[in-house]
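**Q** give me a model of this one.
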Amino acid sequence: MMDYHSEDSPKLTARQQQVLDLVQSAIERTGAPPTRAEIAAELGFKSANAAEEHLQALARKGVIELVGGTSRGIRLRYEALRALNASRNKQFSLPLPGMMQLTLPLIGRVAAGSPILAQEHVDRTYTVEPTLFARKPDFLLRVRGMSMQGAGIMDGDLLAVQKASEAKNGQIIVARLGDEVTVKRLHRSRHGIELLPENPDFQPIVVSEGDGFELEGIAVGLIRNNMMM
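**A** Presented below is the predicted three-dimensional model:
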């Protein structure tokens, strides 16, 4: 970790400072950093690429860290921020709201008739940065197969899931059918429930009354399988 002091704090341009302030305020307000598109819209950039260039510059100066595999993969580097804010005579206290690390269970094979978060279903736990997610997840589920490839969800990825008993049409959900857990896009109609894949090689699942359908949660983020190595 870099050791910063106020006399050698990173020097930012006015525009870089605007971007950094926006990232900090978004995390304080919502617990999650903004997307590139949100930064561009807020600061009047013509494209998300302009926001990306400023973020890359901030990363080179050591005040943030960029994490691949998620549109909100921006982490604040606290030592640099302390030094930077000290040089600006601005108080910076830690932890920021929503910035405490999360400890999330990784759910393995699920037995029929028992809650998905039952201890016997937990393979292990991961400690992760909450800034990776738009909303606070309750557990991680390892994705099996490529049925959601079109949504960028690959075999082996860890899907961050927020427990929920209701979901909106079109949301990516985790559902249980008997003792099988599946990740699909929800489609409700007057004819019933369909679970839609994002890969033309896979067929939709039409839910019948006897299938024991149960909504377990809504996808709120994704961790690439190579990020946890």
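**Q** every contact and neighbour count from this point should use C-alpha atoms.
**A** Noted.
**Q** which residue is nearest the centroid of this protein?
**A** The C-alpha lying nearest the average C-alpha coordinate of the chain belongs to residue 133 (CA atoms, centre = their mean; 2.7 Å).
**Q** contacts only, for that one.
**A** 32, 72, 160, 220, 221, 222 (CA atoms under 8 Å, 6 or more residues apart in numbering).
**Q** what about 7 Å?
**A** Residue 133 is in contact with 32, 72, 220, 221, counting by CA atoms under 7 Å, 6 or more residues apart in numbering.
**Q** could you count how many residues lie near the nearest residue to residue 158 once chain neighbours are set aside?
**A** Closest residue in space to residue 158, ignoring its immediate chain neighbours: residue 142 at 4.5 Å, by CA to CA, 6 or more residues apart in numbering. Residue 142 has 19 neighbours, counted by other CA atoms under 10 Å.
**Q** burial of residue 68, as a residue count?
**A** Other residues close to residue 68 by other CA under 10 Å number 14.
**Q** that should have said residue 41, apologies.
**A** For residue 41, using other CA under 10 Å, the count is 14.
**Q** for the host helix or strand of it, packing partners?
**A** For residue 41, the host element (DSSP states H and E) is helix 36-43. Packing contacts for helix 36-43, counted by 3 or more CA pairs under 7 Å, 6 or more residues apart in numbering; DSSP states H and E, involve helix 48-60.
**Q** how far off centre is the helix it packs on?
**A** Helix 48-60 sits 20 Å away from the centroid of its parent chain (CA atoms, centre = their mean, to the nearest Å).
**Q** which strands or helices does it pack on?
**A** Applying 3+ CA pairs under 7 Å, 6+ apart, we find helix 48-60 packed against helix 36-43, strand 64-66.
**Q** strands of the chain, start to end?
**A** Using DSSP state E, the strands assigned to the chain run over residues 64-66, 74-76, 102-107, 122-128, 139-142, 158-163, 172-177, 180-189, 192-196, 205-206, 213-223.
**Q** worst-scoring helix or strand of the chain, pLDDT-wise?
**A** helix 78-87 (a mean of 66; mean pLDDT, DSSP states H and E).
**Q** and the strands of the chain as JSON lines, adding mean pLDDT?
**A** Shown next, in JSON lines, are the strands of the chain (pLDDT from 0 to 100):
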{"stretch": "strand 64-66", "mean pLDDT": "87"}
{"stretch": "strand 74-76", "mean pLDDT": "81"}
{"stretch": "strand 102-107", "mean pLDDT": "89"}
{"stretch": "strand 122-128", "mean pLDDT": "85"}
{"stretch": "strand 139-142", "mean pLDDT": "92"}
{"stretch": "strand 158-163", "mean pLDDT": "92"}
{"stretch": "strand 172-177", "mean pLDDT": "92"}
{"stretch": "strand 180-189", "mean pLDDT": "92"}
{"stretch": "strand 192-196", "mean pLDDT": "94"}
{"stretch": "strand 205-206", "mean pLDDT": "94"}
{"stretch": "strand 213-223", "mean pLDDT": "90"}
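**Q** returning to that earlier point: so which of the contacts of residue 133 comes closest to residue 148?
**A** residue 221 (13.7 Å; CA to CA).
**Q** which residues sit in contact with the closest residue to residue 199 other than its chain neighbours?
**A** Counting by CA to CA, 6+ apart, the nearest residue to residue 199 once its immediate chain neighbours are dropped is residue 147, at 5.3 Å. By CA under 7 Å, 6+ apart, residue 147 lies in contact with 197, 198, 199, 202.
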